[in-house]
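Novice: fold the stuff below for me.
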Amino acid sequence: MKLSIITINFNNAVGLEKTIESIICQRNAGFEYIVIDGNSCDNSVSIITKHADRINYWISEPDSGIYNAMNKGIKQANGEYVLFINSGDTIRPDADLNEVIDKLSGEDIIYYNLEIADANRHSYIKTYPDNPDFKYFAEDTLPHTASFIKKETLVNYGYYSEKMKIVSDWAFFIDAVCLINCRYKHINSYFSTFYIDGISSDIQNRRILLDERNRHIELSYPLYNNIYKDWMEKKQEIYKLKTAISIKLLKKLGFLKWFNIYEKDNG
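Specialist: Numbers count the residues shown, from 1 in each chain. Predicted coordinates:
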């Protein structure tokens, strides 16, 4: 089998049903579908059982976090590639997953662009570079909602680290590209939608995200650590300036067009 699609969920019944329905309507594409639920106490299990005849494997049991759940899904997968469409995110209704699967050509990671949307369905298409490098990963990552990863590659890597709460998928991507020299390919198209209401999108988790990234860079890329720290301190100063209430107000009034130019020149 070429592809296993995995959805993880915890207490997000509304988002889960949206995700499941967007995937099972693609059933003619020929993939297996796995749902890992973290022992939800809302209506999630009822949603899963309602669609159980279209799901190849599902389980609802306690887990120790996002990456424990994702690793459970990887271990159950029979496909050559895995794709995570987690609870709340979707495959676009106009996507043809048959065409997407036909483009899985043997690289360790094959990634697309991604539609990013908010709760009001305002959206934009985020594009990704053809050749991401260390500088790129210091500030960004690849989209797990639009990345096909060989199961064998993840297994050989040791699965996602369960010591991290938020950035273990980022750690895998930066290591795969910059440390392990995995083969990768970017396809300049998009088929999935990521909704910015997840844990990594929550502003309250920004400190955890930065701390986990800093720790991984320090341990895995010691030669780059001082450069990375200086670089990120500069980005943090720009971020603080950008998010200050007075700056946001002046930008809204159109008095700080220069700020966007400055940010672009220094980003």
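
Novice: following the top strand by length along the chain, which helix or strand comes up?
Specialist: Secondary structure of the chain per DSSP state E: the longest strand is strand 184-195. Sequence-wise, the next helix or strand downstream of strand 184-195 (DSSP states H and E) is helix 206-220.

Novice: can you list the buried residues in that following helix?
Specialist: Buried residues in helix 206-220, counted by 16 or more other Cβ atoms under 10 Å: Ile208, Leu209, Leu210, Glu212, Arg213, His216, Ile217. (Each C-beta comes from the backbone N, C-alpha and C, glycine too.)

Novice: where do the helices sit along the protein?
Specialist: Along the chain, the segments classed as helices by DSSP state H run 13-24, 44-50, 66-76, 97-102, 134-139, 151-157, 168-178, 206-220, 225-243, 245-252, 257-266.

Novice: run the chain-centre distance for the third one.
Specialist: Pointing back at helix 66-76 there. Relative to the centre of its chain, helix 66-76 is centred 14 Å away, using Cα atoms, centre = their mean, to the nearest Å.

Novice: residues contacting it, please?
Specialist: Contacts to helix 66-76, defined as Cβ atoms under 8 Å, 6 or more residues apart in numbering, come from residues 4, 6-8, 10, 34, 36, 38, 57, 59, 63, 82, 84, 151, 154-155, 159-162, 164-166, 168-169, 199.

Novice: return the subset of the residues you listed lying in strands.
Specialist: Per DSSP E, these map to strands at Ser4, Ile6, Thr7, Ile8, Ile34, Ile36, Tyr57, Ile59, Val82, Phe84.

Novice: so how do I select the buried members of these in ChimeraX?
Specialist: Buried residues among these (16+ other Cβ under 10 Å), as a ChimeraX selection:
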select :4,6,7,8,34,36,59,82,84
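
Novice: of the ones in strands among the contacts of helix 66-76, closest to Lys50?
Specialist: Ranked by distance to Lys50 (Cβ to Cβ), the ones in strands among the contacts of helix 66-76 are led by Thr7 at 14.3 Å.

Novice: for the closest residue to the closest one other than its chain neighbours, list the residues it contacts.
Specialist: Spatial nearest neighbour of Thr7, chain neighbours left out: Val35 (4.9 Å); criterion: Cβ to Cβ, 6 or more residues apart in numbering. If a contact means Cβ under 8 Å, 6+ apart, then Val35 has Ile6, Thr7, Ile8, Asn9, Leu16, Ile20, Ile48, Ile55, Tyr57, Trp58, Ile59 as its contacts.

Novice: what's the distance between Val35 and Ser44?
Specialist: 9 Å (Cβ to Cβ, to the nearest Å).

Novice: which neighbours do the two share?
Specialist: Common neighbours of Val35 and Ser44 are listed as Asn9, Leu16 (criterion: Cβ under 8 Å, 6+ apart).

Novice: how much space between Ile36 and Cys182?
Specialist: Distance of Ile36 to Cys182, computed by Cβ to Cβ: 24 Å.

Novice: count of neighbours near the closest residue to Glu17 other than its chain neighbours?
Specialist: Among residues not flanking Glu17 along the chain, Ile47 sits closest, at 4.7 Å (Cβ to Cβ, 6+ apart). Using other Cβ atoms under 10 Å, Ile47 has 25 other residues around it.
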